[in-house]
Each structure stands twice: as C-alpha cells, then as structure tokens.
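# Next input, structure requested:
(2 chains)
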Amino acid sequence: MATFHLNIPISDDEIKQLHVGDQVFLSGVMTTGRDAAHTYIIENFVKTGGRPPESEQELYEKLKKLLKGSAIYHCGPVVRQDETGQWHFVAAGPTTSIREEPYQADVMAHLSVKAVIGKGGMGSKTLQGGREHTYVYLHAVGGAATLIADSVKEVLDVYKKDEFGVPEAFWVIRVQDFPTVVTMDTYDQSIHAEVQVASQERLSALMQN
Amino acid sequence: MTQPDLTEHFLELVRRTSTDLPPDVERALRAAREREAPGSAAQGALDAILKNVKLAREKSTPICQDTGTPIFYIYYPGNWNTRTLQAQIKAAVVQATAKAYLRPNAVDSLTGKNSGNNLGEAFPNFHFHESQAPYLQVDLMLKGGGSENVGAQYKLPDSQLGAGRNLEGVRRVVLDAIYQAQGKGCAPGVIGVAIGGARGSGYVKSKEQLFRELDDTNADPQLAELEARLTREANSLNIGPMGFGGETTVLGVKIGALHRLPACYFVSISYACWADRHRTLIWRDDTVTID
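Below you'll find the predicted structure:
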C-alpha cells in the first residue's frame, strides 16, 4: 500500500499506477455531484450524444472543461455564505455512492473524469468502466465532514443550486490534500467485493450454529 | 403556570447534538482504533474519524454533513402545552439551519423541492409522551440518511434465513441485516433492535434503543446475553470500519421488545452510523442541562 499526492488534471498513467489500498491525497479543482447531478448529466449530455438542449449548452461546456482529468465527489455539503456573498464548505463528508451505479460509468466516460469519490463503494458496472475508461473509485471517510471541509480551500462556483437544492447542486471546489483510499482500481479489484465475499463466508458459518 | 420559552435552549440542544459526539461513542471508537492493525485502511479510517470528532467539537461545526432527520422524543409534565413546545422546537430548528448546524434536509417527496429550513410534513419528527416526572425531558437524535437506508424490518418466520419466531430467529435476522449493510451505513455502527410491535411502532422502538449508553447492560438477562453475543458475532464478520475489512463492524447491539399481534412477529432494525448523534435536554426548576 503506497501513498500518492495527485494534482488535477490527473493523467491516465497516474491512474494506472494506483491499486486498491493505496492512499491518495488529491489537490486541484473538482465538483460535487450526487443523485440529481448524475441524472441531469445522463438526460442532457449522454442520451443526447453530446447535443444538449440549448438551455443547457453553456453548463455542458463548463462541465466538460472542468471535469476532464478531474474528479466528481458524491457529497451534499453544509455551506455558509459570508457577507461578501462568498460560499464556504462547513461540513462535507461523502454520501453513499451506490445510488449512482446505473449512471456512473457513462458519466465518467462521457466527460473523461478520472476519479469518483464517495463512500460505500460501487458495483460491477462502475468497476468494469474503470478498466475500460481508466478511472478509479476513491473512498473518503464517511462522516468525517469537518475534517474534509478543512481540505476544501475555496468554493469557486455553484451550478443548479436553486433547481436542485443545496445538497444536490454542482459545487465547484478547489481542494488541497483531500484524503482518500483507493477501493476500486483499473485492474478489476474492489475492496468492497472482497469484503462482501469474505463476510458472507463468515455469516454462513455463524448460521450453521 | 406559565410555560417558559426554551427556544434558545433547544437551539443549543441541536448545536450540541450536531457538533459534539457523546463521550461513550467516542470512547468506543478509540477502543476500536486500538484493535485495528497499525497502518491498515481500517485504522486510517478510525484515525480520520477521531480527528474529525475533535475538530467538529472545537470548531462547533457538524460532525457529519448529513445532519439527518431531527427526531425529538419529548417527555413533558401533564400541564405543558405540546403545541407551544413544538413551535419553539421548530423555531430552534430553523435557526440551527441558518447557523449551519443543520443542512437543509426536508425534501418535498412529490415536487423534489427542498424546503430550505428543515420544516416539512413530519419534519422534524416528534414523539410526545406525557410524563409524571416534575420536569421536561427532550431527547434529540439526528438520524442520517445513509444509515437509515440500511435499516431493515423482518417478518418471522423467514425460511430463507432459517429464522423462527424466537430469539434464535432474531439473532439470525440481525446478523443478516449487518451483513447486508456492509460498510454502507458508515460502520462501525450501533444497532437498535425492536422485537414485536407493529411495523410503525417497531421502528420507533428500535430508535429508542439507540439512546442507551453503549456500555449499559440490558435489564432482561436473555436480551443482555443476546446483545453481547450479537456484538461479538457481528464483529467476527470482519466488515470493519467503512467496510474496509477489520476488527470492528459494530460498536454495540441494543435490543428492546414490544407486545405483538398473534399473527405478526416483526424484528425492526435501525442502524446508527458511527456518528451516533443524540443528546438529552432536561428542564427542571428553571434550570436547563444538556447531556
């Protein structure tokens, strides 16, 4: 298990050197995105083959530029706005990722995103997509919200806040040494699948009693 | 008597609950950290958790950004007006949201619109109980969504799990629920279990179990034994903190029982994430304490 400090944009070669169990500290500009954001990207960008409705064209261009080589963070933060109108992250731990399983691989491929950050891990479609499109799943510590908010140095922008609500909006953030662990890599390895299989064996033994 | 305005104290109750983890939970997390292999992902996760708990307390910011459903259990003397209490608590919740102790979490199920201030239908959630005690007690739990999603209700008998209508059946379904949850409820969690009741009352009772001290002993010797056994067996699943694999999967299992219908035998299981946020306010003779 190694430790890596990666700067966004991340290259394919950097992603390929990562294996499950490695610690990764991320720095650079990324965006949050959860349930509403993922269905939005699928409906407007992926299903239209990259030809979104006129009204969404501007955001499409921004997200394409922002997310290429970057990361999507499954997070609905607690935010605070100061007197000058500037937003701050107060608490920002990961949310459960598995809800995005139907969409994640397509979102990653369409926008060339190199890392998805969340908690609880994801399924086989996302794992397979990681091998095909060279991205990893990074696990942040669930509930460690104040600690992670400390690594968010600046809120650069927010999209769809009024439409999606605070937790669901795209929050564009600059992070410094954001702490994660690789739990799904580009070699079909998933800590989540391993732990599930091993715990199922132990459960079966306990049920014999 | 004139009922006092306790709004500012309810605000402080919310702040404490969101930002200051109860000491028994923190002690259990510290003990869990010592059991994990040095340098393991499990120990790394617990280190981050403990650092976060300390930082949240110092900065007075939420331990977890999912500040959950605020669930209030209110035990009030008979001559108190519950509508007044409810109005004061709601006002405190709105203020707590504005001060970022709470994330706006109340979403209209039909329109998808977030109310923005944590008020909505059955939001926050109130359980009023008239009490004979000469004081007011308000228990607050902030119940996060990730852990709520891995809660489960079983209907016994369950032939697939070989679970009959007895404590062995209860043991089997609780182990199954913990296995199904894996790390998704933010392990290591605290498991609240209610045997019996109806579908609604069972879940309410299972959450009441989560107010117990982690190191208490169930007054019923059979349930005490089952709690200890389930804690041991759940940890032997090695799901570990965050589901990374490891020695500690649960911090405790707490079980209560309700009368049931002859036809029904429910086992209701509520999973509290490691950020098991609950606090109690007591108002007595014009003095307020929060523990």
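
# Phi first, then psi, for B:Thr289.
Dihedral angles of B:Thr289 (phi, psi; degrees, to the nearest 10) stand at phi -130, psi 150.

# so the residue nearest to it when sequence neighbours are not counted is in which element?
Nearest non-adjacent residue to B:Thr289, counting by Cβ to Cβ, 6 or more residues apart in numbering or on different chains: B:Ile282, 5.2 Å away. For the C-beta atoms, the positions are set from N, CA and C on the backbone; glycine is no exception. Assigned by DSSP states H and E, B:Ile282 belongs to strand B:277-284.

# Other residues contacting that strand?
For strand B:277-284, contacts defined as Cβ atoms under 8 Å, 6 or more residues apart in numbering or on different chains pick out B:4, B:6, B:9-10, B:13, B:16-18, B:20-22, B:63-64, B:68, B:134-142, B:210-211, B:288-291.

# so what's residue 195 scoring on pLDDT?
With no chain named, the answer covers chain A. Listed pLDDT for A:Val195 reads 97.

# wait, chain B
For B:Ile195, pLDDT reads 98.

# Could you check how far it is from B:Asn105?
Using Cβ to Cβ, to the nearest Å, one gets 30 Å for the distance from B:Ile195 to B:Asn105.

# Would you show me how to pick out the buried ones of the contacts of strand B:277-284 in PyMOL?
Entered in PyMOL, the line below selects the buried ones among the contacts of strand B:277-284, by 16 or more other Cβ atoms under 10 Å in any protein chain shown:
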select buried, chain B and resi 6+9+10+13+16+17+18+20+21+22+63+64+68+136+137+138+139+140+141+142+210+211+288+290
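
# now the strand of greatest length in chain A: how far from the chain's centre is it?
Taking DSSP state E as the criterion, chain A has its longest strand at strand A:170-184. When C-alpha coordinates are averaged (Cα atoms, centre = their mean, to the nearest Å), strand A:170-184 and its chain have centres 8 Å apart.

# Counting by contacts, list what it packs against.
If you count contacts as 3 or more Cβ pairs under 8 Å, 6 or more residues apart in numbering or on different chains; DSSP states H and E, strand A:170-184 packs onto strand A:23-32, strand A:87-91, helix A:124-133, strand A:136-139, helix A:145-151, strand A:152-159, helix A:191-208, helix B:41-59.

# Let me know how buried the residue nearest to A:Gly165 when sequence neighbours are not counted is, in neighbour terms.
Spatial nearest neighbour of A:Gly165, chain neighbours left out: B:Asn114 (3.4 Å); criterion: Cβ to Cβ, 6+ apart. As a burial measure, B:Asn114 scores 19 neighbours (other Cβ atoms under 10 Å in any protein chain shown).

# low-scoring pLDDT stretches of the chain, where are they?
This is for chain A. Residue ranges of chain A with pLDDT under 70: A:209.

# wrong chain, I was asking about chain B
Short version for chain B, where the test is pLDDT under 70: B:1.

# Show me the domain layout of it.
B:7-16+B:63-144+B:277-290, B:146-272 (automatic domain parsing).

# Please work out which residue of chain B is closest to chain A.
B:Asn114 (3.4 Å; Cβ to the nearest Cβ).

# quick one, what contacts that residue?
If you count contacts by Cβ under 8 Å, 6+ apart, B:Asn114 has them with A:165-168, B:104-108.

# Also B:Val288?
B:6, B:9, B:281-282.

# let's go with 6 Å and repeat that
B:Val288 makes contacts with B:His9, as judged by Cβ atoms under 6 Å, 6 or more residues apart in numbering or on different chains.

# Need the CA coordinates for the helix or strand hosting it. PDB is fine.
B:Val288 belongs to strand B:287-290 when assigned by DSSP H and E. Extracted C-alpha coordinates of strand B:287-290, given in PDB (Å, rounded to 0.1, in the frame of the first residue of the first chain):
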ATOM      1  CA  THR B 287     -32.500  25.200  35.200                       C
ATOM      2  CA  VAL B 288     -31.500  23.600  31.900                       C
ATOM      3  CA  THR B 289     -28.900  20.900  31.500                       C
ATOM      4  CA  ILE B 290     -27.800  19.200  28.200                       C
END
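
# and that strand, which strands flank it?
Sheet pairing of strand B:287-290 (DSSP bridges) gives strand B:277-284 (antiparallel).

# Could you give me the buried positions within the partner strand?
B:277-283.

# pretty sure A:Ile191 contacts A:Val20?
Yes. The pair A:Ile191 and A:Val20 qualifies as a contact (Cβ atoms under 6 Å) at a distance of 5.1 Å.

# picking that back up, just the domains of chain B: most buried one?
Each of the domains of chain B was assessed for mean neighbour count using mean count of other Cβ atoms under 10 Å in any protein chain shown. The highest is domain B:146-272, with a mean of 20.

# Enumerate the beta-bridge partners assigned to the residue of chain B closest to chain A.
For B:Asn114, the beta-bridge partners are B:Val107 (DSSP bridges).

# Can you list the neighbours in contact with stretch B:2-17?
B:80, B:84, B:88-89, B:91-92, B:95-96, B:101, B:140, B:142, B:277, B:279, B:281, B:288, B:290.

# distance of the closest residue to B:Lys155 other than its chain neighbours from A:Trp87?
Once flanking residues are discounted, B:Lys155 sits nearest to B:Phe266: 6.0 Å by Cβ to Cβ, 6+ apart. Between B:Phe266 and A:Trp87 the computed distance is 45 Å (Cβ to Cβ).

# same check, this time on A:Gly123
To A:Trp87, A:Gly123 is 33 Å away according to Cβ to Cβ.

# picking that back up, surely the residue nearest to B:Lys155 and B:Gly202 touch.
Yes. With contact defined as Cβ under 6 Å, B:Phe266 counts as touching B:Gly202 (4.8 Å).

# any idea which element B:Phe126 lies in?
Residue-wise, B:Phe126 maps onto strand B:125-131 under DSSP H and E.

# Give me the number of neighbouring residues for A:Lys47.
Per other Cβ under 10 Å, the neighbour tally for A:Lys47 reads 13.
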